[in-house]
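K.L.:
Sequence plus the predicted model coming up.
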Amino acid sequence: MPVLLPVLFLFGGGLWFLIGMFVSPRDMSLLGRAIGAVFYAGAMTAFFGVWISRARRRAGGTTQLTDVQRGLKRGEVPEDADPATWSATVDEHHRQLRRNLWFGPVVFGVMIVLALWLALTSTPWWWFGVAFFVGFLLFSVITTPRALAKAEVVREELRRRATGR
């Protein structure tokens, strides 16, 4: 995590600065935009730093969280996995995926409608936003059921190991 947070800070601040320059170049001076980018990047780095730290602590540490994520991605549980530690993280991930089944299409659908409206009434640059949100909608609709199926396989294996069958 010591390497991740400075990268996140630079990426977030740089993205904020560049998007601001591109979208509204005359609204703010360069110094004001740079100061805003630093504050935005600092807030996002602090937020995501706390969020990642909490996820790692709940999973039993950095290596444990990485192992659980790898297992969820592959749909398998290693032989040396502790069912008690893994179950909480896998169940939380499963709940998030179940929520994303309906929440992702709703959010991206609304964003597509908003971007369409803005593309038709404001500036043609919003057509890039339409394409962006359509891409995320397709990604969400395709990958969420796959990830949910893999998470269910992992949950079943953990239940089987916990009961000793």
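P.N.:
Done, it's in. Only a predicted model underlies this, so the values are computations on that prediction, with no experimental measurement involved.
K.L.:
hey, C-alpha coordinates of the least confident helix or strand in the chain by mean pLDDT in CSV?
P.N.:
Using mean pLDDT, DSSP states H and E, the weakest-scoring helix or strand in the chain turns out to be helix 62-74, at a mean of 83. C-alpha atoms of helix 62-74 as CSV (Å, rounded to 0.1, in the frame of the first residue of the first chain):
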residue,chain,number,x,y,z
THR,A,62,-2.7,-8.2,2.6
THR,A,63,-1.7,-11.7,1.5
GLN,A,64,-4.9,-13.2,2.8
LEU,A,65,-7.0,-10.7,0.8
THR,A,66,-4.9,-11.3,-2.3
ASP,A,67,-5.4,-15.1,-1.9
VAL,A,68,-9.2,-14.6,-1.5
GLN,A,69,-9.4,-12.4,-4.6
ARG,A,70,-7.3,-14.8,-6.6
GLY,A,71,-9.6,-17.7,-5.5
LEU,A,72,-12.7,-15.7,-6.4
LYS,A,73,-11.3,-14.9,-9.8
ARG,A,74,-10.5,-18.5,-10.5
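K.L.:
next one: the helix or strand following it to chain centre, how far?
P.N.:
Next helix or strand after helix 62-74 toward the C-terminus (DSSP states H and E): helix 83-121. Distance of helix 83-121 from its chain centroid, counting by C-alpha atoms, centre = their mean, to the nearest Å, is 9 Å.
K.L.:
Taking helix 83-121 as reference, get the angle to the helix or strand that helix 83-121 is followed by.
P.N.:
Remark: after helix 83-121, the chain's next helix or strand is helix 126-163, criterion DSSP H and E. For helix 126-163 against helix 83-121, the angle by axes from the mean of the first three to the mean of the last three C-alpha atoms, to 10 degrees is 170 degrees.
K.L.:
Which elements pack onto helix 126-163?
P.N.:
Counting contacts by 3 or more C-beta pairs under 8 Å, 6 or more residues apart in numbering; DSSP states H and E, helix 126-163 packs against helix 62-74, helix 83-121. Glycine gets a C-beta too; all of them are placed from N, C-alpha and C.
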